[in-house]
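Enquirer: sharing a model that was predicted from the sequence below.
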Amino acid sequence: MFSVVEAQRSTSELLSDGSIFGPKPPPCVSSAELFLFATVAPQLAVLFTNPFDTAKVRLQLQKGRAGSGEAVYRNSIDCMIKIAKNEGILALQKGLVPALYREGSKNVFRIGMFEPLMQLLHDPSSEPGTVPMWKRVIAGATSGAMGAFACNPFELIKTRMQAFSSKGAAAVGEQHAYRGMFHAFSELIRGEGLRSLYKGSSMSMLRSIVGSGTNLASYSWMREKVLENQWMKNNSFTDATCSLISSFITAFVMNPVDVLRTRIYNAGANSQYKNGFDALFSLLKHEGPRALFKGFFPSFVRLGPHFTLTFVFLEQMKRLDLRYKDYQYDNAKREALEELFKRVDTSGDGFLNVEEVRDMLRIAFPPMMAPHLSETQYEQLLEEDTLELFRQCDADCSGTLDIHEFLKISNAMEKILHDHNLKAAFAFFDTDHNGRIEVQEFVEILKTMGHRPDGVTEEEFDEAIQQDVIKLMSYLDHEHRGYLDYDAFSKLCPKLGAVQAKRLLKEWIHDSGLHTLD
């Protein structure tokens with residue numbers, strides 16, 4: 001059992017960081033977790049969509065059989081049926097191993113870097129509101145180009161393995177009889193040189209610039225809009241709908257580049273194409289413009305499910321991660337409350353009486369944090385708060401709180417402490433105690449509590465603070481009265497993040513002691 005002095009000291013230590021009765025921090029996905037999810041989600045998706053990709057590659061490579069002009073495959077369904085019939089059902093998963101490596105190495109950049117790049121282009125603290133589409137496109141195109149370069153060796157091997165047919169009658173394009181991914185790399189480097197690993201990389205990067213710029217920008221914008229306007233709920237159905245629409249747009253825009261890239265990838269050491277432009281002119285000359293959209297349907301059939309599954313898996317991973325962090329936070333908070341209960345229970349009888357709860361409030365909100373109150377007013381405030389806590393939490397009206405009733409105290413305490421701290425902050429700014437904060441009061445306090453950065457003159461610092469205060473007050477002082485009352489000040493606080501004064505106020509909160517509860 002704790003002595004009273006020991007209990008007060010240990011309770012003060014437990015409350016000092018504000019984590020028990022402070023606002024719940026919003027859980028977020030860390031950068032490392034985002035990169036992990038961006039790698040794993042498309043790898044899971046490709047397990048289901050690789051057969052469609054195999055069919056797409058075969059269709060894009062066929063030019064009509066030599067001498068007859070007859071196509072080997074009529075469409076994607078016919079292609080998949082013939083592959084299964086002639087080469088076995090497992091042949092539909094040709095190139096799966098390099099496809100897994102390809103998805104991981106590509107999307108760790110393509111998806112993983114999209115949000116960081118978008119935040120780099122659009123700082124939400126200084127540019128509130130929706131990210132413009134053009135910034136999304138630039139972020140998507142940049143991350144897509146990075147991913148395409150990283151995965152090019154795996155993409156090349158995958159394409160060649162998918163193109164190979166053990167039945168000569170069903171073969172299209174050049175044939176490369178690789179036994180597996182590592183054998184393919186060995187043969188490729190031995191026969192065509194190390195540089196051949198990045199054969200077609202320029203076309204691949206162009207494809208990804210077009211595809212990722214379209215896909216990531218349209219998906220993120222659509223999903224944000226439907227959730228913002230509450231047209232749909234934040235669930236997997238919404239993820240699937242937005243990604244499916246985005247995949248159709250992406251498939252159409254990307255297909256011409258995809259056809260050219262596939263032709264270049266499949267060509268061997270004695271390639272008939274010098275570069276991407278040569279491949280384009282050759283295709284237009286011999287097969288016509290419609291050839292640029294060869295394999296569009298199987299491409300969409302593959303991209304649609306692939307993007308849908310990728311984003312469904314990705315968003316679901318994020319949700320599960322956030323739920324787990326919520327669970328961890330709630331569990332840690334419960335444990336902290338149970339520990340706090342033991343320390344506040346100085347009598348050791350397993351119940352908290354009015355005096356013990358009032359002592360806890362005195363530690364959580366000490367007199368130094370209420371300089372605007374007289375001693376009598378402070379004691380009266382503690383009494384009112386204690387009675388309010390008992391009114392909300394003493395379910396059996398016994399005049400004491402057991403551990404189960406105490407565990408419900410957190411939200412009530414959070415509101416009480418928030419209101420008290422807000423009133424203390426208002427009183428701190430209201431230096432002449434007339435019940436309102438004038439512009440000059442705001443300026444003088446921030447000048448006193450803020451720290452002038454190196455390289456900034458006194459005049460520049462004063463001007464910056466003046467502009468910050470004017471911007472702050474403009475949020476609610478619509479009548480241009482030149483001051484804020486308490487109600488306006490309380491509504492202003494949630495908006496502080498939009499202006500530079502957020503930094504200055506953080507410094508003021510630190511210096512004034514309002515960030516601690518001891």
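Expert: Looks like it arrived, so ask away. Small disclaimer: the values here were computed from a predicted structure and weren't measured. Residues are numbered from 1 along each chain as shown.

Enquirer: now stretch 245-258: how far from the chain's centre is it?
Expert: Mean-position distance between stretch 245-258 and its chain equals 24 Å (C-alpha atoms, centre = their mean, to the nearest Å).

Enquirer: which residues touch that stretch?
Expert: 60, 203, 206-207, 210-211, 214-215, 218-219, 222, 292-293, 295-296, 299-300, 303-304, 306-308 (C-beta atoms under 8 Å, 6 or more residues apart in numbering). All C-beta spots, glycine's among them, are computed from the backbone N, C-alpha and C.

Enquirer: which residue ranges form the strands in the chain?
Expert: Assigned by DSSP state E, the strands in the chain fall at 437-438, 483-484.

Enquirer: could you tell me which of the contacts of stretch 245-258 count as buried?
Expert: 60, 203, 206-207, 210-211, 214-215, 218-219, 222, 292, 295-296, 299-300, 303-304, 306-308 (16 or more other C-beta atoms under 10 Å).

Enquirer: so which of those residues belong to helices?
Expert: Counting by DSSP state H, the buried ones among the contacts of stretch 245-258 place 60, 203, 206-207, 210-211, 214-215, 218-219, 222, 296, 299-300, 303-304, 306-308 in helices.

Enquirer: closest one to T238 among the strands of the chain?
Expert: strand 483-484 (40.1 Å; C-beta to C-beta).

Enquirer: show me the helices in the stretch 101-250 of the chain, by range?
Expert: Using DSSP state H, counting those that start in this stretch, the helices of the stretch 101-250 of the chain run over 114-121, 133-163, 181-192, 201-228, 236-266.

Enquirer: most tightly packed of those?
Expert: Among those, helix 133-163 has the highest mean neighbour count (mean count of other C-beta atoms under 10 Å), at a mean of 23.

Enquirer: remind me what that one packs against, helices and strands.
Expert: helix 31-61, helix 96-110, helix 114-121, helix 181-192, helix 201-228, helix 236-266 (3 or more C-beta pairs under 8 Å, 6 or more residues apart in numbering; DSSP states H and E).

Enquirer: where are the low-confidence patches of the stretch 151-300 of the chain?
Expert: 163-180, 265-276 (pLDDT under 70).

Enquirer: mind doing that once more with 90?
Expert: 151-208, 210-211, 251-300 (pLDDT under 90).

Enquirer: on the pLDDT front, check G18 for me.
Expert: You'll see G18 listed with a pLDDT of 54.

Enquirer: so A364 is in contact with L417, correct?
Expert: Yes: using C-beta atoms under 8 Å, A364 is in contact with L417, at 6.2 Å.

Enquirer: quick revisit: so which of the helices and strands packed on helix 133-163 gets nearest E479?
Expert: Nearest of the helices and strands packed on helix 133-163 (C-beta to C-beta): helix 201-228, 30.4 Å.

Enquirer: residues in contact with S490?
Expert: L422, F426.

Enquirer: how about a cut-off of 10 Å?
Expert: H418, D419, L422, K423, A425, F426, L476, L484 (C-beta atoms under 10 Å, 6 or more residues apart in numbering).

Enquirer: hang on, the earlier thing: the helices of the stretch 101-250 of the chain into a markdown table, with extra columns for distance to C393?
Expert: Below are the helices of the stretch 101-250 of the chain laid out as a markdown table (distance: least, C-beta to C-beta, whole Å):
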| stretch | distance to C393 |
| --- | --- |
| helix 114-121 | 41 |
| helix 133-163 | 47 |
| helix 181-192 | 63 |
| helix 201-228 | 35 |
| helix 236-266 | 38 |
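
Enquirer: what's the closest of these to M80?
Expert: Using C-beta to C-beta, these put helix 133-163 closest to M80, at 12.0 Å.

Enquirer: now do the closest one against helix 181-192, angle only.
Expert: 90 degrees (axes from the mean of the first three to the mean of the last three C-alpha atoms, to 10 degrees).

Enquirer: now W231: how far from H433?
Expert: Counting by C-beta to C-beta, to the nearest Å, the gap from W231 to H433 is 50 Å.
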